[in-house]
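S.K.: return a 3D structure for these sequence lines:
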Amino acid sequence: MLSEPVLTTRPEDGCDPPLLVWRADRPLRAISSAALGGGIGVRRWVVNATVPMSYHRDDPAAHLAGLADGLGLAGPGVGLLTGVDVAEVVARADTGVRAWATVGLGTPVWAAAPAPAAPAQRVGTVNIVVYVPAALSDAALVNAVATVTEAKAQAIWELGLPATGTPTDAVTVLCPVGGPAEPYGGPRSAWGAPLARAVHAAVLDGGSAPCLPWSDKRTG
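M.R.: Below you'll find the predicted structure:
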């Protein structure tokens, strides 16, 4: 089982940016596109950390590993970064599936843009963490990431934005280890359908209110 996220802060560069911490009471299988702990494997925790929009480090994985050490998190985990104030996380659940989203839509883009997008100048990251209470096969995990992305894109379209996401979005899907593995994770599968609904609701609600970069909120 994955815990509800705990909101905390850490001292960094003379300020106290927030971060969310999820802990698992036993190892979970995960698939993630995160800077730290990406790929498919067993994970024990997830961190979603706010950073200033001036963030310029070129070693995000090492940065996140250091944050995890400072929190006393042991074993392998997943680390995410965002310019959004993670205190604004939106949680939704559907038929046992739980989804959490921090939604920054300041730099919306179409996935198939005709030319590379300009460097982001505003907050623009959608980080999504999902827990499915059933074991998923490798194929179902991959399919679940696609389903999360489709549900996110649907919510962004319903928000009236001409985009499918932002250039720096990340997804993490976790599920139990062991037991018969579900073979499918698509939007009409037994677990993909509630996953899609939970993610869609979280992104739609999170994107409905303007979201300032954390640095802007600190300065008013």
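
S.K.: give me the residues contacting whichever strand or helix holds residue 140.
M.R.: In this structure, residue 140 is located in helix 138-158 according to DSSP states H and E. Helix 138-158 has contacts (Cβ atoms under 8 Å, 6 or more residues apart in numbering) with 29, 31, 33, 40, 105, 108, 126, 128, 130, 132, 136, 163-165, 169, 171, 173, 175, 181-187, 189, 191-192, 195-197, 199-201, 203-204, 207. Every residue, glycine included, has its C-beta placed from N, CA and C.

S.K.: how close does residue 96 get to residue 23?
M.R.: Going from residue 96 to residue 23 by Cβ to Cβ, to the nearest Å gives 19 Å.

S.K.: more neighbours, the two?
M.R.: residue 23 (16 against 13; other Cβ atoms under 10 Å).

S.K.: now residue 184. Nearest residue, chain neighbours left out?
M.R.: residue 140 (5.5 Å; Cβ to Cβ, 6 or more residues apart in numbering).

S.K.: quick one: average confidence on stretch 70-88?
M.R.: For stretch 70-88, the mean per-residue pLDDT is 96.

S.K.: which parts of it are buried?
M.R.: 71, 73, 77-86, 88 (16 or more other Cβ atoms under 10 Å).

S.K.: these two touch, right, residue 10 and residue 47?
M.R.: No: the pair residue 10 and residue 47 does not pass the contact test of Cβ atoms under 8 Å, sitting 10.1 Å apart.

S.K.: and for these two, which residues touch both?
M.R.: Common contacts of residue 10 and residue 47, defined by Cβ under 8 Å, 6+ apart, comprise 19, 67, 71.

S.K.: quick one: which of those sit in strands?
M.R.: In strands, judged by DSSP state E, the following of the shared contacts of residue 10 and residue 47 are found: residue 19.

S.K.: including distance to residue 150, could the shared contacts of residue 10 and residue 47 go into JSON lines?
M.R.: As requested, the shared contacts of residue 10 and residue 47 are exported to JSON lines (distance: Cβ to Cβ, whole Å):
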{"residue": "19", "distance to residue 150": "28"}
{"residue": "67", "distance to residue 150": "31"}
{"residue": "71", "distance to residue 150": "33"}
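
S.K.: can you give me the helices in this protein?
M.R.: 60-70, 138-158, 192-207, 214-219 (DSSP state H).

S.K.: go through these and name the closest to residue 1.
M.R.: helix 192-207 (16.2 Å; Cβ to Cβ).

S.K.: which other helices and strands does the closest one contact?
M.R.: If contacts are counted by 3 or more Cβ pairs under 8 Å, 6 or more residues apart in numbering; DSSP states H and E, helix 192-207 sits against strand 90-94, strand 97-103, strand 126-131, helix 138-158.
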